[in-house]
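Asks: just the structure for this:
(chains A, B, C and D)
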Protein chains: 2
Amino acid sequence: MTARNKKLTVADVARAAKVSKATAARVLGGYGVTSERTREAVLQAAQDLGYRPNELARSVSTGRSGLIGVVVGDIENAFFARAVRGISDTARAAGLNVIISNSGEDLAQERALVSVLLRQQVQGLIVAPTDDGDVAHLAEAMASGTPVVTIDRWVEGLGADGICGDDRAATAALVAQMQALGHRRIAYVTAIRTPQPRLQSLAQVRIAAVRERIAGFLSAAPAGQDWHERVHTNATGAAAIDAIVARLLSETPGVTAILASDSLVGAEVFRALSARGIALPAQMSLVAWFDADWSRVTVPAVTVVDQPTHRFGALAAERIIARIGGETGPARHQRIETPLIRRGSLGPAPGD
Amino acid sequence: MTARNKKLTVADVARAAKVSKATAARVLGGYGVTSERTREAVLQAAQDLGYRPNELARSVSTGRSGLIGVVVGDIENAFFARAVRGISDTARAAGLNVIISNSGEDLAQERALVSVLLRQQVQGLIVAPTDDGDVAHLAEAMASGTPVVTIDRWVEGLGADGICGDDRAATAALVAQMQALGHRRIAYVTAIRTPQPRLQSLAQVRIAAVRERIAGFLSAAPAGQDWHERVHTNATGAAAIDAIVARLLSETPGVTAILASDSLVGAEVFRALSARGIALPAQMSLVAWFDADWSRVTVPAVTVVDQPTHRFGALAAERIIARIGGETGPARHQRIETPLIRRGSLGPAPGD
DNA sequence: ACGCCTATTGAGACCGGTATCACATAGTTT
DNA sequence: AAACTATGTGATACCGGTCTCAATAGGCGT
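Replies: Prediction:
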């Protein structure tokens, strides 16, 4: 019980219990066999001294750190926060600790973080890769024996398991549903950065999930139409999004519905629309990705594509645990359904 | 460059560079002196083999893990997510890694997590203690030489630095301001769990920050009045909050303003009010703690007590870094201003 | 009482690094 | 030329655990 200022070791406990270091270690480490008598003596001594095992030393000795590394775009974003929660709930239950880091959706940063985590001897990595065209660092991790699971974003050919939404199909279905409601001009707004304010080519989108969504969006275009110019990029921050909304509203014929590629964009679009007095859904429909807190509070509430990211996280953790446990076999691509949660912001197109 | 499947050690690099293990370690560890020639040879060999230092082994050898542990109520809560972001931004910049864990505001869980983190040899702990009356585990950590910083919640007598809001004063000032707007009956709604639906005694509130806020609230009561019964507890989940709002609305004379003790409560209160068609601020004023995303999106936008938790986090990390660096001296209690962000939801009391 | 088997224990190598110390080599000093 | 001093390097103990292996002790059959 007594808290000592010096770090206690098995040797100290052994001395106090009058047994050898090996025996004390067996009791304290929970391996090997000991008699009940010595077991109790050692535990008592450990208790009295306030012994606390050094997990690091144990790790270096066993080669198992009990750590998994997580790299997400931004924990502050509820999307990732919920996923991280899912990961750590599941990991913790399996006795694994989690080191979390933010890439800020920056490739160089992501590379650096992966490197740091590998040096920390993480036994597995869960990553939301910011650029699925450049995953050499992840491939290297896998090659050196550290399993990788991608979350939210599937990377073809990497060989890592992936837990993702069914982005392309869900988006295509969503757009079809909107078309059935009479929407002919739908805009897609995303934070993806491009030189121009509109998307030139799908290849500009390096985040797999967003590219899949946009691909689904583009695929819903009627024969002969090209919807690339309906994809508005660089939607980062209130000012930029305000400008995009202003631009959309001034188009002729007008846009009747907006898809917001994530919940941050969605919130700002909603704000810009209500600031301009646009009535939802009478004048404009809005659908956003991710069921963030704010989308249920607004009037009207906002229709969202529900991404159950806590589940994403839990499943990603399960995958990494399985791989750490030695599971082999081809990379598994788990697509999680992202159902539409229909709320007031989606209605028939005006005049339809 | 070549990724090997076996773990490489300094000994492997040494062999390849044809120097002793000691010399290779000097170069790779960046300590001691070596000639430029051997230095380059070693680095070249390390590069060729794809050597990656084992940070764990280094830690056990140096006694410095480069890890700090964080225990918060719930990372999924934007309040903590932002704080965690502040912590990791600052820690990372100082070369420290961060292990994050969720207590779920459960004391037993918090104790268990602190124990796990100490075993992981974290060099410091940043904790939002869930019960400031029972911090023996934190005291023990400090006694054994691991500095502790509390975040959001100050614990008197623990001896740990604390980064907190100026909860009591800010609340008292806020209530005074509301009284000046004519509000005579103000309700306080909190998720704190108590046997009764109203607060019996301040001592029931074990989370320091909330207790301070409620203390500020109670202190604003006019002489002779006791506001304990105006503090509604157990506001966890939509149903409970709906019931509380229903109860508030049926009181005579009616409540004219509500204080929501955190942003989750605030969002649900807002929802319950708009579901009942209560006009803000004409019929009811609302103020919530924390400037969450949703509070800027609603109509009217919600007045909030702005808790700059990213700064809380950054400052907490700075404190822990200073303590790790050997700073001594008495515990510092840093009170961060939590200014009111005045938005549409706060107006004069009806009929005032 | 003797031999065999098994339960328990201790000695010591090892994990992958750091850090101390002694020694060798080369360059200065007198 | 002998003595002296940097400078660079290797040998080796050590960090706090795990784990293998051999030695000891007690129990049981005959």
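
Asks: do you know how far the closest residue to A:G216 other than its chain neighbours is from A:L218?
Replies: Of all residues not flanking A:G216 in the chain, A:T171 sits nearest, at 3.1 Å (Cβ to Cβ, 6 or more residues apart in numbering or on different chains). All C-beta atoms are positioned from the backbone trio N, CA, C, and that covers glycine. To A:L218, A:T171 is 9 Å away according to Cβ to Cβ, to the nearest Å.

Asks: can you check A:Q334 too?
Replies: 25 Å.

Asks: what about the strands in the stretch 251-352 of chain A?
Replies: For the stretch 251-352 of chain A, applying DSSP state E, counting those that start in this stretch gives strands covering A:257-260, A:285-289, A:303-305, A:333-336, A:340-341.

Asks: so how far is the third one off the chain centroid?
Replies: Which is strand A:303-305. 18 Å (Cα atoms, centre = their mean, to the nearest Å).

Asks: contact partners of stretch A:201-219?
Replies: Stretch A:201-219 has contacts (Cβ atoms under 8 Å, 6 or more residues apart in numbering or on different chains) with A:105, A:129-134, A:152-155, A:164-165, A:167-172, A:174-175, A:186, A:188, A:190, A:192, A:194, A:199, A:227-228, A:230-231, A:233, A:259, A:261, A:289.

Asks: centre of the chain versus the helix or strand A:L125 falls within, how much separation?
Replies: If you go by DSSP states H and E, A:L125 is part of strand A:124-127. Chain-centre distance of strand A:124-127: 11 Å, with Cα atoms, centre = their mean.

Asks: what do you get for stretch A:138-149?
Replies: For stretch A:138-149, the distance to the chain centre is 18 Å (Cα atoms, centre = their mean).

Asks: swap in stretch A:286-298?
Replies: 18 Å.

Asks: that one: end-to-end distance?
Replies: Start-to-end span of stretch A:286-298 (Cα to Cα, to the nearest Å) is 12 Å.

Asks: tell me the mean pLDDT over that stretch?
Replies: Average pLDDT, stretch A:286-298: 96.

Asks: can you tell if that stretch touches chain B?
Replies: Yes - judged by Cβ under 8 Å from any Cβ of the partner chain, stretch A:286-298 and chain B are in contact via A:292-294, A:296-298.

Asks: do the same with stretch A:147-156
Replies: No - figure legend: stretch A:147-156 not in contact with chain B (Cβ under 8 Å from any Cβ); closest approach 12.8 Å.

Asks: contacts for that stretch?
Replies: Identification of contacts with stretch A:147-156 by Cβ under 8 Å, 6+ apart yields A:72, A:79, A:83, A:87, A:123-129, A:132, A:135, A:138, A:141-142, A:158, A:160-165, A:207-209, A:212, A:307, A:309, A:312-313, A:316, A:319-320, A:323-324, A:333.

Asks: which residue ranges form the helices in the stretch 251-352 of chain A?
Replies: A:263-275, A:293-297, A:309-324 (DSSP state H, counting those that start in this stretch).

Asks: oh sorry, the question was meant for the stretch 1-150 of chain A
Replies: Secondary structure of the stretch 1-150 of chain A (DSSP H, counting those that start in this stretch): helices located at A:10-17, A:21-29, A:36-49, A:55-62, A:78-93, A:107-119, A:136-143.

Asks: including mean neighbour count and mean pLDDT, could the ones you listed go into TSV?
Replies: Shown next, in TSV, are the helices of the stretch 1-150 of chain A (neighbours: other Cβ atoms under 10 Å in any protein chain shown; pLDDT from 0 to 100):
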stretch	mean neighbour count	mean pLDDT
helix A:10-17	19	95
helix A:21-29	19	95
helix A:36-49	16	94
helix A:55-62	18	96
helix A:78-93	23	97
helix A:107-119	19	97
helix A:136-143	18	96
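
Asks: which one of the strands of the stretch 251-352 of chain A lies closest to B:T38?
Replies: Closest approach to B:T38 among the strands of the stretch 251-352 of chain A is made by strand A:333-336 (48.0 Å; Cβ to Cβ).

Asks: need the residues that contact that closest one.
Replies: By Cβ under 8 Å, 6+ apart, strand A:333-336 touches A:154, A:161-166, A:307-308, A:311-312, A:315, A:319.

Asks: direction included, what does that strand pair up with?
Replies: Within its sheet, strand A:333-336 is paired with strand A:161-165 (parallel), according to DSSP bridges.

Asks: possible to save the helices of the stretch 251-352 of chain A as JSON lines with distance to B:G266 and mean neighbour count?
Replies: Formatted as JSON lines, those follow (distance: least, Cβ to Cβ, whole Å; neighbours: other Cβ atoms under 10 Å in any protein chain shown):
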{"stretch": "helix A:263-275", "distance to B:G266": "16", "mean neighbour count": "23"}
{"stretch": "helix A:293-297", "distance to B:G266": "9", "mean neighbour count": "23"}
{"stretch": "helix A:309-324", "distance to B:G266": "22", "mean neighbour count": "23"}
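
Asks: compare those and give me the one nearest DNA strand C.
Replies: Between DNA strand C and those, the shortest gap by Cβ to the nearest atom of the strand is with helix A:309-324, which sits at 17.3 Å.

Asks: taking strand A:161-165 as reference, get the angle to the closest one.
Replies: If you take axes from the mean of the first three to the mean of the last three Cα atoms, to 10 degrees, helix A:309-324 sits at 170 degrees to strand A:161-165.

Asks: packing partners of helix A:309-324?
Replies: strand A:67-72, helix A:78-93, strand A:124-127, strand A:148-151, strand A:161-165, strand A:333-336 (3 or more Cβ pairs under 8 Å, 6 or more residues apart in numbering or on different chains; DSSP states H and E).

Asks: is it possible to get a markdown table of these that adds distance to B:T252?
Replies: Shown next, in a markdown table, are those (distance: least, Cβ to Cβ, whole Å):
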| stretch | distance to B:T252 |
| --- | --- |
| strand A:67-72 | 50 |
| helix A:78-93 | 39 |
| strand A:124-127 | 55 |
| strand A:148-151 | 53 |
| strand A:161-165 | 50 |
| strand A:333-336 | 50 |
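
Asks: spatially central residue for chain A, please.
Replies: Central residue of chain A (Cα atoms, centre = their mean): A:F80, 4.6 Å from the mean position.
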